[in-house]
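Asks: pasted the sequence and its predicted model underneath.
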Amino acid sequence: MTSHANPSSVLDGSLKTLSAALPAGTTIHAWLKAVYPGTPAELRADQEGRDAGRLTARNSEEFEFQSLVIESGGETTLTYDATTTALSIVYAFSEKEVLETGIRILFTGEANAAPAVPGSYHFRPPFGWMNDPNGFGRFGDKVHLFYQHYPHSLRWNTMHWGHAVSDDYLRWKHLPVFLFPSAKLSARADGRGGAFSGSAIPLAGEEPGIRVLFTEQVKDRDPEEQIQLTAVTRDQIAAGPAEVILPERPADLDLTLDFRDPYVIKGPDGRWKMLLGSRDHAGGVILLYETEDPDAAHGWTFVGILHREDRFGMTAAECPCIVPLDGPAHDPQTRWALIFGLLTSRDPATGRRNITIATVGRFDGGSFVKEFEQELDFGTDAYAFQAFVDQSGPVGIAWLANWTEISKKADFPTAMTLPRRVLLNDGALLTSPVDAVDSLRQHLIDETRLPSGETVELGNGAVEIVIDLAAAGAAFDLEFDHPDVELGLRLDQEGLSILYDVPDGKWLPRYIAAGARPSTLRLFLDKGSIEVFADNGRWTGSKRLPGFEGVRSARLAAPKGTISAARIWQLKL
């Protein structure tokens, strides 16, 4: 993971300093804010008494981004006066090495510091708020994950794009903040918009680099709150200037202002295709655009409505993605998975909100013909799922949370789900963990006491539990001891359920895969989450857990002869 500098910090009256040994050519990114209007904020850099540069900011309403290159190597001291200057973030990196080493964090404030989660193996940002994954894909020899990000607190606000890279989907290096909102939106912390969700594609030809496509939101902008922009990075570190590619919604479709989350992929006909989420006054709709431009930079034209979902009322379809499943994109026999979230949807049978639908069918580049559909995740805390076709097939990742639990009045640090393969098998869509998760297994905690009904202590709670049943659908109850919630997993004649309750008296949804009859289950417990994969991901359930204490113990209750085997592994990155 990205290193922290552990710099010395000295308080001398109001004067504060940060010190770290930095190589020559180090870039420093810092966010400063003036404590009082009219009195600039200032951060000074010194090396052995020599001035190495300084950063200033005049904004007293929001932290202002500034950058500085330290020309000479050596012990570097950063000094600021706390009576005039507030700091949010300071990190350092070498442009030549950052893709391999990540950034070096020198300072975060109390409001945006990442939670202490030693032993956790899920992706989390190094500071601030995170939601939707964006631009998930392989570029060069690394997997890149961009994400919705507000750097300065653990609550949603003006949207940026964070950025990280990995060699195996699990061990990530945090990179500099990639995409910034416009200067006007960055001036105040009022949540009016920013760089919303989108996707990323490689630049055309042999030229290295990445093109990102994203939604810019500006609340109450007339006539369009949401428009589509694109930007290019040639160093895979920083985005260049953004250009508008879709300034308005398609006309005469009775669409609301929802017009967002461009997902771009090469279609069966070799043209770039763009999916966008929207809604009309009947329900959610997914819009399809295309371009003949090999760079995907210009010439986008509206093709039509690719898919609509009216069963949940006037809910917005958002974060759409589409990937080929069982063959190459150009083969007419290839089936595709069209996956999207339905914001504000509610399942009347269970009370679960913000459902994610996975629809499988044929896609010819202009139309999509559905063959079947299923819910992506019965726990619903795998939202804004985004996938791409990697070397071994489609892989996706999601935000491990649900908007129903978000409060503007409370901090909400979250994580991404485990990355998941997307497979078609025997008329069902499977989302199983990527093979690399096997590398997390450190040692076997137990393979005898859990199947015999004993209580097994789980150490720090970062574990994988595998249960093999003697017959498909054989009933059991798996009870967990968690300090903040009542938690368990049940398989009975109704289906597979994550049992979840909090001691506040509120009515909670039922997290159930109705009718599920699996033979094998893999459970991944971590600080703040549970993920269940039954029958290789035929039924997948993800649930965010409050707090950052791990599950302390587990006990399995089942009729005699039901359990063929049950094993628990300690996990660690």
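Replies: That came through fine.

Asks: for the rest of this, base every contact and every neighbour count on C-alpha atoms.
Replies: Noted.

Asks: list phi and psi for Ala436.
Replies: Main-chain torsions, Ala436, degrees, to the nearest 10: phi -60, psi -20.

Asks: for it, what are its contacts?
Replies: Asp168, Tyr169, Leu170 (C-alpha atoms under 8 Å, 6 or more residues apart in numbering).

Asks: any idea of the pLDDT on it?
Replies: Listed pLDDT for Ala436 reads 97.

Asks: gap between it and Arg421?
Replies: For Ala436, the distance to Arg421 equals 11 Å [C-alpha to C-alpha, to the nearest Å].

Asks: which of the contacts of Ala436 fall in strands?
Replies: Nothing among the contacts of Ala436 maps onto strands, per DSSP state E.

Asks: tell me where the model's unsure across the chain.
Replies: Along the chain, the model assigns pLDDT under 70 to residues 1-13, 505.

Asks: walk me through the domains of it.
Replies: With domains defined by automatic domain parsing, the chain comprises 8-93, 110-116+128-433, 436-571.

Asks: quick one: end-to-end distance for the second one.
Replies: Terminal residues of domain 110-116+128-433 are spaced 34 Å apart (C-alpha to C-alpha).

Asks: how far away from the center of its chain is that domain?
Replies: 10 Å (C-alpha atoms, centre = their mean, to the nearest Å).

Asks: let's have the chain start at 2 instead
Replies: That works, and once the first residue is 2, the last one we named lands at domain 111-117+129-434.

Asks: contact partners of stretch 414-428?
Replies: 115-116, 123-126, 129-132, 134, 155-156, 170-171, 326-327, 383, 394-402, 430-435, 529, 532, 543.

Asks: closest one of the contacts of Ala437 to Gly241?
Replies: Distance to Gly241 across these (C-alpha to C-alpha) is lowest for Tyr170, with 26.1 Å.

Asks: quick check: the closest one vs Tyr290, distance?
Replies: Tyr170 is 30 Å from Tyr290, where distance means C-alpha to C-alpha.

Asks: next one: Tyr81
Replies: 50 Å.

Asks: and for Asp142, nearest residue in space, chain neighbours not counted?
Replies: Asp168 (7.5 Å; C-alpha to C-alpha, 6 or more residues apart in numbering).

Asks: give the contact list for that neighbour.
Replies: Contacts of Asp168 by C-alpha under 8 Å, 6+ apart are Asp142, Lys143, Val144.

Asks: now the buried members of these.
Replies: Neighbour counting by 16 or more other C-alpha atoms under 10 Å classes Lys143, Val144 among those as buried.

Asks: from the contacts of Asp168, which land in strands?
Replies: Among the contacts of Asp168, the members found in strands (DSSP E) are Lys143, Val144.

Asks: adding distance to Leu522, write the contacts of Asp168 out as CSV.
Replies: Shown next, in CSV, are those (distance: C-alpha to C-alpha, whole Å):
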residue, distance to Leu522
Asp142, 33
Lys143, 30
Val144, 28
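
Asks: just the contacts of Asp168 now: which is nearest Leu256?
Replies: Closest approach to Leu256 among these (C-alpha to C-alpha): Val144, at 35.3 Å.

Asks: that closest one pairs with what?
Replies: Arg139, Ser167 (DSSP bridges).

Asks: would you list every one of the helices in this structure?
Replies: Shown for the chain, the helices assigned by DSSP state H span residues 99-102, 184-187.

Asks: can I get those in JSON lines including mean neighbour count and distance to Ala252?
Replies: Putting the helices of the chain into JSON lines (neighbours: other C-alpha atoms under 10 Å; distance: least, C-alpha to C-alpha, whole Å) gives the following:
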{"stretch": "helix 99-102", "mean neighbour count": "19", "distance to Ala252": "43"}
{"stretch": "helix 184-187", "mean neighbour count": "15", "distance to Ala252": "27"}
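
Asks: who wins for proximity to Asn461 among these?
Replies: helix 99-102 (27.7 Å).

Asks: which other helices and strands contact that closest one?
Replies: strand 173-175 (3 or more C-alpha pairs under 8 Å, 6 or more residues apart in numbering; DSSP states H and E).

Asks: next, the buried residues of the strand it packs on.
Replies: Those buried within strand 173-175 under the rule 16+ other C-alpha under 10 Å are Trp173, Lys174, His175.

Asks: measure how buried the nearest residue in space to the last one that is not next to it in sequence is and give me the count.
Replies: Once its chain neighbours are removed from consideration, His175 has its nearest residue in Ala165; the separation is 4.4 Å (C-alpha to C-alpha, 6+ apart). The tally of other residues near Ala165 (other C-alpha atoms under 10 Å) stands at 28.

Asks: so what's Ala165 up against?
Replies: Contacts of Ala165 (C-alpha under 8 Å, 6+ apart): His145, Leu146, Phe147, Trp173, Lys174, His175, Leu176.

Asks: could you do Leu479 as well?
Replies: The neighbours of Leu479, taking C-alpha under 8 Å, 6+ apart as the test, are Gly489, Leu490, Arg491, Ala555, Arg556, Leu557, Ala558.

Asks: mind checking which of these land in strands?
Replies: Residues of these located in strands (DSSP E): Gly489, Leu490, Arg491, Ala555, Arg556, Leu557, Ala558.

Asks: most widely separated two among those residues?
Replies: Farthest-apart pair in those is Arg491 and Ala555; separation 12.9 Å (C-alpha to C-alpha).

Asks: the two: who's more crowded?
Replies: The neighbour count for Arg491 versus Ala555, taken as other C-alpha under 10 Å, is higher for Ala555 (22 against 19).

Asks: mind listing what the residue nearest to the more buried one when sequence neighbours are not counted touches?
Replies: Of all residues not flanking Ala555 in the chain, Phe481 sits nearest, at 4.6 Å (C-alpha to C-alpha, 6+ apart). Neighbour list for Phe481: Glu487, Leu488, Gly489, Val552, Arg553, Ser554, Ala555, Arg556 [criterion: C-alpha under 8 Å, 6+ apart].

Asks: picking that back up, turn the contacts of Ala437 into JSON lines, columns for distance to Pro414 and neighbour count.
Replies: JSON lines is the format used below for these (distance: C-alpha to C-alpha, whole Å; neighbours: other C-alpha atoms under 10 Å):
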{"residue": "Asp169", "distance to Pro414": "24", "neighbour count": "15"}
{"residue": "Tyr170", "distance to Pro414": "20", "neighbour count": "21"}
{"residue": "Leu171", "distance to Pro414": "19", "neighbour count": "20"}
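
Asks: and Leu79, how far from Phe179?
Replies: Separation of Leu79 from Phe179 (C-alpha to C-alpha) stands at 24 Å.

Asks: kindly report the same for Ala93.
Replies: Look at Ala93 and Phe179: by C-alpha to C-alpha, they are 14 Å apart.

Asks: now the domains of the chain in a markdown table, with distance to Arg105?
Replies: Shown next, in a markdown table, are these (distance: least, C-alpha to C-alpha, whole Å):
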| stretch | distance to Arg105 |
| --- | --- |
| domain 9-94 | 5 |
| domain 111-117+129-434 | 9 |
| domain 437-572 | 24 |
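
Asks: out of these, nearest to Glu101?
Replies: Of all the domains of the chain, it is domain 111-117+129-434 that lies closest to Glu101, at 7.3 Å by C-alpha to C-alpha.

Asks: so Glu455 makes contact with Arg556?
Replies: Yes: counting by C-alpha atoms under 8 Å, Glu455 touches Arg556, with 5.9 Å between them.

Asks: neighbour-wise, which of these two wins?
Replies: When Glu455 and Arg556 are compared on other C-alpha under 10 Å, the one with more neighbours turns out to be Arg556, at 19 against 13.

Asks: contacts only, for the nearest residue to that one once chain neighbours are set aside.
Replies: Excluding its sequence neighbours, the residue lying closest to Arg556 (C-alpha to C-alpha, 6+ apart) is Thr456, at 4.5 Å. By C-alpha under 8 Å, 6+ apart, Thr456 lies in contact with Arg450, Ser554, Ala555, Arg556, Leu557.
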